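[1] Prediction below, plus the sequence it came from.
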2 protein chains.
Amino acid sequence: MKRLLSVLDGKEIRPLPIWLMRQAGRYLPEYREARAKAGSFWSMCMDPSAAAEVTLQPIRRFGFDAAILFSDILVVPFAMGCDVIFEDGPSLAVINDIRQLQCDETVWARHLAPVYETVKLVRRGLGVDIALLGFAGAPWTLATYMAEGRGSSDRRAAKLWGYRAPRSFRDFLDAVADCVAFHLIRQIEAGCDAVQIFDSWAGDLPARHFGEWVIAPTKRIVKQVRETYPQAKLIGFPRAATLSGYEAYACETGVDGISLDTTVPMEWAMKSLPANIAVQGNLDPIALLAGGEELRRATDAIVDAMRGRPLIFNLGHGVVPETPPEHVTELVEHVRAAR
Amino acid sequence: MKRLLSVLDGKEIRPLPIWLMRQAGRYLPEYREARAKAGSFWSMCMDPSAAAEVTLQPIRRFGFDAAILFSDILVVPFAMGCDVIFEDGPSLAVINDIRQLQCDETVWARHLAPVYETVKLVRRGLGVDIALLGFAGAPWTLATYMAEGRGSSDRRAAKLWGYRAPRSFRDFLDAVADCVAFHLIRQIEAGCDAVQIFDSWAGDLPARHFGEWVIAPTKRIVKQVRETYPQAKLIGFPRAATLSGYEAYACETGVDGISLDTTVPMEWAMKSLPANIAVQGNLDPIALLAGGEELRRATDAIVDAMRGRPLIFNLGHGVVPETPPEHVTELVEHVRAAR
């Protein structure tokens, strides 16, 4: 069994499985080369052979335990009919009414076909012991982009919609959740071993709205995926949630694993998260950029705190583009040496 | 006794005292007028009569229980010898060695004199029942600007310094802490009733570094202020700390009150924070922007959760510039009506 999947099954494994969020990215010279050939970021996401190539690059270089599909969370809004353009960040059609959304599986499948083609290509190029992770953005995080038409520093447009018209906003999140579930199911069907749900902007919500806008739609997604694939493995990442938010998410959504951001004390995770939930995380990407003594110390602290529990070693956020690839090599060796 | 000070003394008071972070700001037409006259943001900070005028504006309009001095956290780096310019955000001299800093009280006093003059002017214009709050940025937050030379999306330069040269970085934070303590003492001397320490970027630190870079320097500041003014009242705001971070901060720094950001469940605060600590917060500024039913509901939820505890009603972050002033009027009336 693939090592990462054993951890998601609740087993403690040594050496620890390791992969890094944004491991396929600009810190790798081979990625920058592929990116220059492909033209735009978005065209690379939608070109199966280019996307498969950059998905495999970090596996060849570092031998990670999992490849994560090279794609973008905005493929779901794109499938639902929002045009997406990337120029200094994403720009997309503003949605303020659920009737603007395409809610038709045939349309979704047509728009998302290149992603599933990428999954098949990656699968062929990947060793049998390496897990392939698919992913999608969570409805709340996607809503912050869709309501604003771009990234937002304070998630204002989505919050205003939710505060002023709570029922219509919940219907909107449910519609997006249905497309997310569809997308995850199709990625599994195409060959992914597990999927991760990224709720990157879960972090600045009052507790009640975290429950309604983060936990409830995620629960809906997990339920739908399991209706099709009862054994499906899912990891959730409600980034920058409060500790009580992480705990509720781990207990209520039905995920197999939870990814923790850099601020979460692993001693707290050990004590407070359900014992059957695998934990993933949570090295500071800036410690990886820094390298040296602090990188080793911070890595050891995570490993030591989590003894006796299923752990997937990862960062608390994505690899930053300036990271020296040698630091990643050192990290992988250090994690693999931990007993 | 001023109502806000009674709460900082541990008393539960009705009607609740209320003020809002960034209550003197761009959402007020009278502020925009004063700002247009003053020229730049920084020149307004350094012009006592202009700064006093905008400090008093929200008191005249809304009758808040506290005025907070109009100034900026970057006056401390400025006093320590970093030139500061505001153009689409702050820009300042990059510090990467403690020897670049002025550590001379005479120099600090000369640079900061306009702030103390502002305090005196505000005091004269303020009703006897209204508290005057001084403030300063916390060393960690100031370090993020000083090490980077500007605002930073991931606090990279300060973290790299701290990760690669931990002793030199702690010495740097201590030097900044000394200037912060000096500045708070002089604001109290000039007439402030209480002071708030803003650690706006306390939020993305691993737990160990939160202890070393947020809690330890704040403790140093509180100690120094109390050596001069044993009865001084201090509020701390380690924005976006984890719940365990907030708890440690409340227990260890020695502050009288703790300001909580929007994500913190007040039920948690009620249960987990020491009973003698006053709590301030934590309405979502976007709920204030939204107005209407959700504004009233969210306000009631905070008030109801905190029954039996000293509470200063406030936002979880600053007023956003697009906020209709009528929403603020409604909020003040609603909070005052709560029994």
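    Cool, got the structure. Residues are numbered from 1 along each chain as shown, chains lettered A, B, ... in the order given.
[2] Would you check how far apart residue A:280 and residue A:315 are?
    As judged by Cβ to Cβ, to the nearest Å, residue A:280 and residue A:315 stand 10 Å apart. All C-beta spots, glycine's among them, are computed from the backbone N, C-alpha and C.
[3] got it, and residue A:112?
    Residue A:112 sits at a distance of 27 Å from residue A:315 (criterion: Cβ to Cβ).
[4] ok, the two, which is more surrounded?
    Neighbours were counted for residue A:112 and for residue A:315 using other Cβ atoms under 10 Å in any protein chain shown; residue A:315 has more, 27 against 21.
[5] The more buried one reaches residue A:286, doesn't it?
    No. Contact status for residue A:315 versus residue A:286: not in contact, 9.7 Å apart, counting by Cβ atoms under 8 Å.
[6] residues from chain A in reach of chain B?
    Residues of chain A lying near chain B by Cβ under 8 Å from any Cβ of the partner chain: A:154-156, A:159-160, A:163-164, A:166, A:203-208, A:210, A:240-245, A:261-265, A:267-268, A:284-287, A:289-290, A:292, A:294-295, A:298, A:301, A:320.
[7] in terms of contact, does residue A:193 touch residue A:6 like I think?
    No. With contact defined as Cβ under 8 Å, residue A:193 does not count as touching residue A:6 (11.3 Å).
[8] Looking at these two, which one has more neighbours?
    Remark: of residue A:193 and residue A:6, residue A:193 carries more neighbours, 21 against 16, as counted by other Cβ under 10 Å.
[9] and that one, how far is that from residue A:318?
    Residue A:193 sits 21 Å away from residue A:318, going by Cβ to Cβ.
[10] What of residue A:19?
    Counting by Cβ to Cβ - residue A:19 and residue A:318 are separated by 12 Å.
[11] cool, and residue A:284?
    12 Å.
[12] Please identify which of the two sits among more neighbours.
    Comparing residue A:284 with residue A:318 by other Cβ under 10 Å, the one with more neighbours is residue A:284, at 24 against 16.
[13] Can you read off the pLDDT for the more buried one?
    What the model reports for residue A:284 is a pLDDT of 98.
[14] Likewise for residue A:298?
    Listed pLDDT for residue A:298 reads 98.
[15] cool, and the one 4 residues further on?
    What the model reports for residue A:302 is a pLDDT of 98.
[16] quick one, what contacts the residue nearest the centre of chain A?
    Nearest to the geometric centre of chain A sits residue A:198, at 3.9 Å (Cα atoms, centre = their mean). The neighbours of residue A:198, taking Cβ atoms under 8 Å, 6 or more residues apart in numbering or on different chains as the test, are A:73, A:135-138, A:141, A:237, A:239.
[17] For it, what are phi and psi?
    For residue A:198, the backbone dihedrals (degrees, to the nearest 10) come out as phi -90, psi 110.
[18] quick one: the helices in the stretch 51-200 of chain A?
    Using DSSP state H, counting those that start in this stretch, the helices found in the stretch 51-200 of chain A span residues A:75-79, A:105-125, A:139-148, A:156-164, A:166-190.
[19] how about the strands in the stretch 1-150 of chain A?
    Taking DSSP state E, counting those that start in this stretch, the strands of the stretch 1-150 of chain A run over residues A:66-68, A:84-86, A:90-92, A:131-137.
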